[in-house]
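Novice: the sequence isn't on hand, but the structure is:
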């Protein structure tokens with residue numbers, strides 16, 4: 001396994017574990033942030049496995065996904081607003097559940 005792939009997998013697992021702890025503790029803003037980080041790590045893992053590169057920024061990730069993997073881009077675009085909202089408002093459980101489901105969905109896509 002390539003070291004970049006291992007780092008992405010380790011980070012993904014860490015983000016998911018910590019997001020689950022925040023979620024079960026009703027810390028929804030923290031959970032939203034961590035689930036979005038998990039989404040990005042899973043997306044980067046997917047992109048690494050499909051295109052052989054790790055994006056260097058949100059912009060690079062979004063552009064690559066939009067250009068080559070529109071199904072992935074749709075999830076990223078939808079979820080980015082929840083992440084941005086976590087800075088300026090209280091996130092509710094339902095919004096976190098969207099991010100949670102998408103994090104696990106992209107993780108599953110990356111493992112195929």
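Specialist: Done, it's in. Just so it is clear, the model here is predicted, and its values are computed rather than measured.
Novice: now name the helix or strand holding the nearest residue to residue 83 once chain neighbours are set aside.
Specialist: Ranked by Cβ to Cβ, 6 or more residues apart in numbering and with sequence neighbours excluded, the top spatial neighbour of residue 83 is residue 36, at 3.9 Å. C-beta: built from backbone N, CA, C; applies to glycine. Element membership for residue 36 (DSSP states H and E) is helix 28-51.
Novice: one more: residue 6?
Specialist: Using DSSP H and E, residue 6 maps to helix 3-24.
Novice: counting contacts, what elements does the helix holding residue 36 pack onto?
Specialist: Applying 3 or more Cβ pairs under 8 Å, 6 or more residues apart in numbering; DSSP states H and E, we find helix 28-51 packed against helix 3-24, helix 58-68, helix 70-85, helix 93-110.
Novice: and it with helix 58-68, angle?
Specialist: Helix 28-51 and helix 58-68 meet at an angle of 50 degrees, taking axes from the mean of the first three to the mean of the last three Cα atoms, to 10 degrees as the criterion.
Novice: and helix 28-51, how far out from the chain's middle?
Specialist: Helix 28-51 has its C-alpha centroid displaced from the chain centroid by 2 Å (Cα atoms, centre = their mean, to the nearest Å).
Novice: stretch 51-63 now?
Specialist: With Cα atoms, centre = their mean, you get 13 Å for stretch 51-63.
Novice: contacts only, for the residue most central in space within the chain.
Specialist: With distances taken as Cα atoms, centre = their mean, the chain has residue 39 as the residue nearest its mean C-alpha position (0.8 Å). Listed by Cβ atoms under 8 Å, 6 or more residues apart in numbering, the contact set of residue 39 reads 75, 76, 79, 99, 102, 103, 106.
Novice: show me what counts as buried in the helix holding residue 6.
Specialist: 8, 9, 11, 12, 15, 16, 18, 19, 20, 22, 23 (16 or more other Cβ atoms under 10 Å).
Novice: go ahead and confirm the third one touches residue 40.
Specialist: No - here residue 11 does not reach residue 40: they are 9.1 Å apart, not a contact under Cβ atoms under 8 Å.
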